[in-house]
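# next comes the sequence, and after it the predicted model I'd like to discuss.
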Amino acid sequence: MEAAMERERKLIVEYGKKLITNKLTTGSGGNISIYNRDKGLIAITPSGEDYFKTKEEDILIMDIEGNIIEGDKKPSSETGMHLAFYREREDVNSIVHTHSKFATAIACMGWDLKPVHYMIGLAGIDVRCAKYATYGTMELAKNAIEAARDRKAVLLANHGLVALGEDLEDAFSIAQHLEFVAEIYYLTKSLGEPKILTQPQMEEVMVKFKSHRYK
């Protein structure tokens, strides 16, 4: 079982460090998971662990019902949300949850992230902000899934960002680019009212994105 998820464990350890070095979270905040649909297994970060001290054997392996197959650490507090997304969204095979500064600032305002810059098209026409619920609850998972419909990301009110990808590289790229868009939105809001791209303009961008994968 361990060998079957060896690649996923390595990737999560690697990208956990990238959460810190790319300033997408602080401390042990946020979490990462990968769903291997062929194996029916999910690899997910443990709760409250330093990303630079996390080892491959610390990554938990679970089934889609949340049963721990391997690992003796406590799983991420948002495990329920990860599992719910994997059950609801067949297009999602990896999740990156961040506490990045600018995306979280927008979420703390309770705002949707508007298409102030075309790179938001990696996630959709915009990124909605889910209604507030206490972290680690199924209420939060339900709110997030609802707000993320037809999108590849969602803001969690007074909390952070969830990026949904076809694989971990995709999810991480979305999280990175949305933090850039959130910063631009923050800056333009401080200058006045930003000029928001129209739905037709964004739809044209999203068609172009289908033939170009950003990293």
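Now that the structure is in, tell me what you want to look at.

# now do the same contact list for the residue nearest to Pro115 when sequence neighbours are not counted.
The shortest distance from Pro115 to any non-neighbouring residue, by Cβ to Cβ, 6 or more residues apart in numbering, is to Leu197 (4.2 Å). All C-beta atoms are positioned from the backbone trio N, CA, C, and that covers glycine. For Leu197, the contact set (Cβ atoms under 8 Å, 6 or more residues apart in numbering) comprises 115-118, 205.

# out of those residues, give me the one that has the most neighbours.
Pro115 (23 neighbours; other Cβ atoms under 10 Å).

# just flag the most distant two among the contacts of Leu197.
Val116 and Val205 (12.7 Å; Cβ to Cβ).

# follow-up on the earlier one: distance of the residue nearest to Pro115 relative to Met81?
29 Å (Cβ to Cβ, to the nearest Å).

# ditto for Ile95
Where Met81 is concerned, Ile95 sits at a distance of 8 Å (Cβ to Cβ).

# what residues are shared contacts of those two?
Val162.

# buried ones in stretch 169-177, by neighbour count?
170-177 (16 or more other Cβ atoms under 10 Å).

# my bad, stretch 47-67
47, 49, 51, 54, 56, 58-62.

# for Ile12, state which of the residues you listed is nearest.
Ile59 (5.2 Å).

# now do the SS call for the closest residue to that closest one other than its chain neighbours.
Distances taken as Cβ to Cβ, 6+ apart place Arg9 nearest to Ile59, at 4.4 Å, with adjacent residues excluded. What DSSP: H, G, I helix; E, B strand; the rest coil gives for Arg9 is helix.

# then Thr26?
coil.

# for it, what are its contacts?
20, 99.

# against Leu113, how distant is it?
Thr26 is 20 Å from Leu113, by Cβ to Cβ.

# ok, Phe172 next?
Taken as Cβ to Cβ, the span from Phe172 to Leu113 is 18 Å.

# ok, and what's touching the host helix or strand of Glu183?
For Glu183, the enclosing helix or strand under DSSP states H and E is helix 168-191. Here helix 168-191 makes contact (Cβ under 8 Å, 6+ apart) with 11-12, 15, 18, 22-24, 32, 34, 94-96, 98, 100-103, 105-106, 113-114, 116-117, 119-120, 122-123, 127, 152-153, 161, 163-165, 194, 213-215.

# chain center to it: distance?
Helix 168-191 has its C-alpha centroid displaced from the chain centroid by 12 Å (Cα atoms, centre = their mean, to the nearest Å).

# and for stretch 136-143?
15 Å.

# pLDDT of it, averaged?
Mean pLDDT, stretch 136-143: 97.

# going forward, the N-terminal residue is numbered 447.
Got it, the first residue is 447 from now on, which makes the last one we talked about stretch 582-589.

# residues of it that come out buried?
586-589.

# report the beta-bridge partners for Ile514.
Met508 (DSSP bridges).

# residues contacting Ile505?
451, 454-455, 458-459, 489-492, 517.

# what of Gly494?
Neighbours of Gly494 in contact, by Cβ under 8 Å, 6+ apart: 474, 520.

# distance of it from Pro521?
From Gly494 to Pro521 the distance is 11 Å (Cβ to Cβ).
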